[in-house]
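Enquirer: need a 3D model of the sequence below.
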Amino acid sequence: MSTNHARHSNPSNTANAPRANKDPHPTSAPTSNERLFVRAAARPENELLLMCARSVTNRASSSAARVRELARTAIDWDYLYLLAERHAVLPLLHRGLETNARGVAPRSFAERLREKYRENATRNMLLAGELVRIARLFESEGVPVLAYKGPALAVQAYGELSLRRFIDLDVLVHRTDARRAGELLLSLGFDKPAGLTRAHEEFLLRRQHNLAFARDAGRLTFELHWEVTPSTFASVPLGARAWERAIVVELFGRKVQSLSPEETLLALCVHGTKHLWERLAWVCDVAALLNAHPDLDWPFVLGRARETKVERMLFLGLSLAGGLLSARLPANLFDVCDEPVVERLSARVAERLFEGAAYEPAGFLRSVGFNLRARTRLREKAGYLRFIFTPTDGDLRALSVPARLSFLYYLLRPFRLLLKRDTAH
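Expert: As a prediction, the model looks like this:
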């Protein structure tokens, strides 16, 4: 499995000269990235997970040596397993230990980890095959499609399907093709959310960015996107340019189009910020993508981030990938990522990631506060507040009203938020 794509880089720009981060164990005054790593690696299990989550697999590297050293210490292996499971990085933990410290972990732990790795690899292969089948159907019916996250990202960033955990499939289509794409999914046995009417779908097409279909009694979810995020959360419209810059990802000998690394990077940083970077796997995706594409078109990335007003979200993702996982970043981006607000947000994320092996979702107010600070301008902050109160498919299914009374969904939304945090976001 491989990727092929045309580059759009500017060799004369210094942003195209990537540099690996420094060793996380400095002898001089620590940088903000080093402080972030130290904050996260407060106990050996945390540090071992971070070292295994890095993309480097060269046994001669300092990261590999540190994995071997840590694995021989008094590790709480049960805690480490639960922590990796919480953060959806069991495949990376397996690779790191197998590559650099084979035979060191207790046999029961190693066997349990190996079995989970095989289960994930098998499921990923099945999902990748399903993605290829659906993409071919869409294209044969004149519906252009871009694979998004899932198998495409596994190959594009990690180089193989088995190293990334995903449990559903995502694709991007043009908004004008969304209805036809939905019909094609129905023809394959997928179902729309129960209770969703045609008027509801029209509302979602205007106000939201995706719609989830399910099959096999809910065991397979297929998310149909027409944007990477709602415009009220972050105005990052894809448009024709995303298709023009698309790359080709090869899955089982079949070519499937996917977002370019540059567009993918921005989408990942927006998605991670939206969810408060509560999973280490999302940071790993950014780091792996950066390491896999050292010739990334940074002028495009930075220009696009400024154009769409998501600079702070981008810098937050880069700060986490560089600080926690030593991702390769251009030298002239280090100072930008050291913006005080970005540094504070990164520190809070690092603390939350390793507060314990049990996942505790952030409360509504914490989520709002984080996302407001992730924006630099009042206009974008106001847009985010509109996003919070924009009805989702869950709101639409909770109350069926005529199209002329759709304003009632906006009145219902605050009450649903008070009852529970809306996990659809």
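Enquirer: next, give phi and psi for the closest residue to residue 68 other than its chain neighbours.
Expert: Counting by C-beta to C-beta, 6 or more residues apart in numbering, residue 68 lies nearest to residue 101, which is 4.8 Å off, once chain neighbours are set aside. Backbone N, C-alpha and C define where each C-beta goes, glycine included. Phi and psi for residue 101, reported as degrees, to the nearest 10, are phi -150, psi 40.
Enquirer: could you do residue 192 as well?
Expert: phi -80, psi 160.
Enquirer: so how far is the helix or strand hosting residue 285 off the chain centroid?
Expert: Counting by DSSP states H and E, the element that carries residue 285 is helix 280-292. Relative to the mean C-alpha coordinate of its chain, helix 280-292 is positioned 8 Å out (C-alpha atoms, centre = their mean, to the nearest Å).
Enquirer: what's it in contact with?
Expert: 18, 49-50, 53-56, 87-89, 92, 153, 156-159, 164-165, 261, 264-265, 268-269, 271-272, 275, 277, 296, 317-318, 320-322, 324-329, 353 (C-beta atoms under 8 Å, 6 or more residues apart in numbering).
Enquirer: any of those residues buried? List them.
Expert: 18, 49-50, 53-56, 87-89, 92, 153, 156-158, 164-165, 261, 264-265, 268-269, 271-272, 275, 277, 296, 317-318, 320-322, 324-329, 353 (16 or more other C-beta atoms under 10 Å).
Enquirer: just give me the neighbour total for the nearest residue to residue 367 once chain neighbours are set aside.
Expert: In space, residue 367 comes closest to residue 276 once its chain neighbours are excluded; the distance is 6.1 Å by C-beta to C-beta, 6+ apart. Per other C-beta atoms under 10 Å, the neighbour tally for residue 276 reads 21.
Enquirer: next up, the contacts around residue 276.
Expert: Per C-beta under 8 Å, 6+ apart, neighbours of residue 276: 349, 352, 362, 366, 367, 370, 371.
Enquirer: that one and residue 241, how far apart?
Expert: 29 Å (C-beta to C-beta, to the nearest Å).
Enquirer: cool, residue 348 as well?
Expert: For residue 348, the distance to residue 241 equals 34 Å [C-beta to C-beta].
Enquirer: sorry, back to before: which SSE is immediately downstream of the helix holding residue 285?
Expert: Heading C-terminal from helix 280-292 (DSSP H and E), you reach helix 298-308.
Enquirer: now do stretch 104-114: everything it contacts.
Expert: Against stretch 104-114 from outside (C-beta under 8 Å, 6+ apart): 68, 71, 72, 75, 77, 78, 81, 90, 93, 94, 97.
Enquirer: now a PyMOL select for only the buried ones of those residues.
Expert: Selection of buried members from the contacts of stretch 104-114 for PyMOL, criterion 16+ other C-beta under 10 Å:
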select buried, resi 71+75+77+81+90+93+94+97
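Enquirer: let me know the closest of the contacts of stretch 104-114 to residue 142.
Expert: residue 90 (39.9 Å; C-beta to C-beta).
Enquirer: the closest one reaches residue 84, doesn't it?
Expert: Yes. The criterion here is C-beta atoms under 8 Å, and residue 90 meets it with residue 84 at 4.9 Å.
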